[in-house]
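A.B. asks: after the sequence you'll find the predicted model.
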Amino acid sequence: MKSSVRSGQPVAPLDVYREWNACLLAGDFQGAARYIDRDRWLEKCLGLTDWLTDFDGAVTHYVTNMVRPWDRMEMREEDVIEGQDAVTVRFCVEATHIGPFLGVQATGRRIAFDAIRIVKISNGLVTGQWAQLDLWGIHSRLTAPRTPEAERSRT
């Protein structure tokens, strides 16, 4: 186990990931930055970004793709695998589409989609991530014809 950035006490990679992710979900990007290693940062969100080596640039992409287009975002972990230096999480996101995403203007639809994240952690700090959202599923839900059945399910 590695030491926590905040307390110096041993903290499991999963705990570091969850604290860092909680900051991201709350929009506390300064808080999230306390959990990262800026010198080793490497991130890719497959289909949305190339490899990014700058955490501030990664936050800009996150805000553009995952904050501005969505409202009332909720994330539910489905599967979690913790290793010595990484955490892999398959999760379900539910959110309301309020801004442009994948070339689709705001629809107001509340949709659910799956995603996977592999987050690398070293010495109690997040050094980067590889993320994959179900982009085809998101696009399909946002562009599907509106039917009474679809409107009732909202996901």
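C.D. replies: Nice, thanks for sending it over. Note that the structure is predicted; figures quoted are calculated from it, not measured.
A.B. asks: can you name the residues that contact Gln129?
C.D. replies: In this structure, Gln129 makes contact with Glu43, Lys44, Arg117, Ile118, Val119, Lys120, judged by CB atoms under 8 Å, 6 or more residues apart in numbering. The way it works is simple: take the backbone N, C-alpha and C, and place the C-beta from them, glycine included.
A.B. asks: which residues does it bridge with?
C.D. replies: Under DSSP bridges, the beta-bridge partners of Gln129 are Glu43, Val119.
A.B. asks: can you give me the pLDDT of it?
C.D. replies: Residue-level confidence at Gln129 comes out at 97, pLDDT.
A.B. asks: now swap in Thr155 and tell me
C.D. replies: We have a pLDDT of 50 for Thr155.
A.B. asks: likewise Arg146?
C.D. replies: pLDDT, Arg146: 84.
A.B. asks: where does it fall, phi/psi-wise?
C.D. replies: For Arg146, the backbone dihedrals are phi -80, psi 120 (criterion: degrees, to the nearest 10).
A.B. asks: quick one: neighbours of it, just the number.
C.D. replies: A count of nearby residues for Arg146, using other CB atoms under 10 Å, gives 9.
A.B. asks: which secondary element of this structure has the worst mean pLDDT?
C.D. replies: strand 2-3 (a mean of 44; mean pLDDT, DSSP states H and E).
A.B. asks: Thr88: which element?
C.D. replies: According to DSSP states H and E, Thr88 maps onto strand 86-97.
A.B. asks: any buried residues in that strand, and which?
C.D. replies: Counting neighbours by 16 or more other CB atoms under 10 Å, one finds that the buried residues in strand 86-97 are Ala86, Val87, Val89, Phe91, Val93, Glu94, Ala95, Thr96, His97.
A.B. asks: quick one: buried ones out of the contacts of Gln129?
C.D. replies: Restricting the contacts of Gln129 to buried positions leaves Glu43, Lys44, Arg117, Ile118, Val119, Lys120, with burial counted as 16+ other CB under 10 Å.
A.B. asks: rewinding a little: how about the CA coordinates for the strand holding Thr88, as PDB?
C.D. replies: Once non-C-alpha atoms are left out, strand 86-97 reads as follows in PDB (Å, rounded to 0.1, in the frame of the first residue of the first chain):
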ATOM      1  CA  ALA A  86      -3.900   0.600 -10.900                       C
ATOM      2  CA  VAL A  87      -7.600   0.500 -10.500                       C
ATOM      3  CA  THR A  88      -9.900  -0.600 -13.300                       C
ATOM      4  CA  VAL A  89     -13.600   0.400 -13.000                       C
ATOM      5  CA  ARG A  90     -16.500  -0.400 -15.200                       C
ATOM      6  CA  PHE A  91     -19.300   2.000 -14.400                       C
ATOM      7  CA  CYS A  92     -22.700   3.200 -15.500                       C
ATOM      8  CA  VAL A  93     -23.300   6.900 -15.900                       C
ATOM      9  CA  GLU A  94     -26.700   8.500 -16.000                       C
ATOM     10  CA  ALA A  95     -27.000  12.100 -17.000                       C
ATOM     11  CA  THR A  96     -29.200  14.700 -18.800                       C
ATOM     12  CA  HIS A  97     -27.900  16.000 -22.100                       C
END
